[in-house]
Structure formats: C-alpha cells, structure tokens
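**Q** Below are the sequence and a predicted model; questions follow.
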Amino acid sequence: MLARAAIATIRKVVAAVEGFGAALILLWEALVWLVRPPFRPMLFFQAMEFVGVGSLFIVVLTGLFTGMVFAVQTVQTFRLFNAETLVGSTVSLALMRELAPVLTSLMVPARVGSAIATEIGTMKVTEQVDALCTMAVNPVQYLVTPRVIAGLVMLPILTAFCDLVGIGGAYYVAVNLMGVDGGMFLDKIGQFAEPWDVTSGLIKAGVFGLILTLVGCHKGLNASGGARGVGIATTQSVVLSSILILVADYFLTLMLYRG
C-alpha cells in the first residue's frame, strides 16, 4: 500500500512538472508569435474587450464593497487607540499593495479563465484546432497570444479601477457614516502612500493576468474526452489559476517590498 501511494505521489509530481514546463513552452510560443506576421489586431482588441470591459462591473463592485467593509473594520479598531486619522492611509495602502490586485485577479478567473478554457477546449475536442492547422493558421498565434496579452494589459487597468472605487467607498463610509475627518483621511493618504505602492500593485496584477489567461489557454488546448473533458479542463483552470495567483502573490510581495 505504501509503495502504491508513493508511486501515485511521484506520478502526480511528475505530471505537475510536465504541465508547468508545457505552460512555459506555450508562453514562449505565444510571445514569439506576437512579433511574427500575419498580424491580426482585431483579435487583440476583441480579447481586451472580453477580459477588461466585460469584467469591469464585477471588479468595481468587488472594490467598492471591499473598501467599505475594510473602512468599517479599520475605524472600529483604530478608535480603540484614538488613531482614526490613520484610516485613510491604512485602507489605501492595503488596497493598492495587496487587496485590489489579488481580489481583482481572483474574481476574473471565475469569468474569463473559465470562458477561455471552455472555448478553446470545445474547439480542441471538436477538432476545430486541427482545422486551423489545416488552413495554415497557427493555433497559438490565433487563440493564445491575443488572450495572454489581453490579460497582461487589462488586469492592471482593472486593478486601477478597483483602487479608485475601493478608496472612494472607504472615504464615504469613514467620513459620512462613521465621523472620521475627511481632510485627515485624504492628508494621511498623501503622507504615507507613494507612487511605488500603486506601481507594485499594478505589476502584480499584470503577472496575475498573465497567469490566469495562460492557465486557461493551456488547459483548453489539452482538453480531451468530449464534453466531460471540457468541464474538467474548465474546473482545473479556475482552481489552478487561483492557487497560482496566491502563491505568486507571496513571492512578488517579497520581491517588490521596499523596507
């Protein structure tokens, strides 16, 4: 029994390593095809519209209520120490550095990552990907590159919206509902927040966007077994991208933190 368990574990580790390597190869091919003709700019605009504009409402809603809830909790806690003036800086730093990029990137896979995996997976099991090859159209250039670039470009933009809306919601709750001085709220943001806090969060968001779109494309291209295989690929895409985003967030925080 122990031998079988060990063999099963080894096989899972090997499969994970192989999958990671295949995803890196896919990323390299997508970047290479980015600068090779034929160029299809409409595919990029369509992918950006789907990833960015289509996800704007859910990202704004997430940022708004995150900022509002965080303001309530922060004001209640800081009042124990008579430090309500620090609410603005605390909320803004938390949103810009951590909450906005992570929450935005965790909400988007549920919509974008699953849709990418489902669409490409359906094309794979119905042999439409093979049909592209027959017509001398490279599947990576046609399907993967526009979506990966769209994730890389649009996630930072969505994160910026999440920052603005979250801080606005926190200001409304803290100042209008909980009696915090509005001038001090804004003054502490300017005093403690730096441009690098915004930049580091946007860098994180770009990496997370790359991860979630790449995982969705990779799982879709490797789907098999008909409709059931497409469903499995979609589920794996959402779960794996969410886990990888959280893992990458830790290492990116260590790399980008300026003490």
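**A** Noted; the coordinates are in hand.

**Q** Next one: the closest residue to residue 154 other than its chain neighbours, what pLDDT does it get?
**A** Nearest residue to residue 154 in three dimensions, chain neighbours excluded: residue 52, at 3.5 Å (Cβ to Cβ, 6 or more residues apart in numbering). All C-beta atoms are positioned from the backbone trio N, CA, C, and that covers glycine. Per-residue confidence (pLDDT) for residue 52: 87.

**Q** Likewise for residue 258?
**A** On the pLDDT scale, residue 258 is placed at 65.

**Q** quick one: the residue nearest to residue 154 and residue 158 touch, right?
**A** Yes - counting by Cβ atoms under 8 Å, residue 158 is a contact partner of residue 52 at 6.2 Å.

**Q** picking that back up, contact partners for the residue nearest to residue 154?
**A** 150, 153, 154, 157, 158 (Cβ atoms under 8 Å, 6 or more residues apart in numbering).

**Q** so what does the helix or strand that residue 245 is a member of touch, helix or strand wise?
**A** Assigned by DSSP states H and E, residue 245 belongs to helix 226-256. With contacts taken as 3 or more Cβ pairs under 8 Å, 6 or more residues apart in numbering; DSSP states H and E, helix 226-256 sits against helix 100-108, helix 114-125, helix 195-221.

**Q** How far off centre is that helix?
**A** On the basis of Cα atoms, centre = their mean, to the nearest Å, helix 226-256 sits 9 Å off its chain's mean C-alpha point.

**Q** And the next helix or strand past the helix or strand where residue 50 lies?
**A** Assigned by DSSP H and E, residue 50 belongs to helix 41-51. As assigned by DSSP H and E, the chain's next helix or strand after helix 41-51 is helix 56-78.

**Q** Show me what the lengthiest helix in the chain is packed up against.
**A** When the chain is parsed with DSSP state H, its longest helix is helix 2-34. Judged by 3+ Cβ pairs under 8 Å, 6+ apart, helix 2-34 is in contact with helix 145-171, helix 195-221.

**Q** The first one: which residues count as buried?
**A** Right, the one you point to is helix 145-171. 145-167, 169-171 (16 or more other Cβ atoms under 10 Å).

**Q** And the last one, by the same measure?
**A** Using 16+ other Cβ under 10 Å as the test for burial, helix 195-221 gives 197-198, 200-221.

**Q** Just give me how far it sits from the chain centre.
**A** Chain-centre distance of helix 195-221: 5 Å, with Cα atoms, centre = their mean.

**Q** In space, not sequence, find me the middle residue of the chain.
**A** By Cα atoms, centre = their mean, the chain has its centre lying nearest to residue 105, at 2.6 Å.
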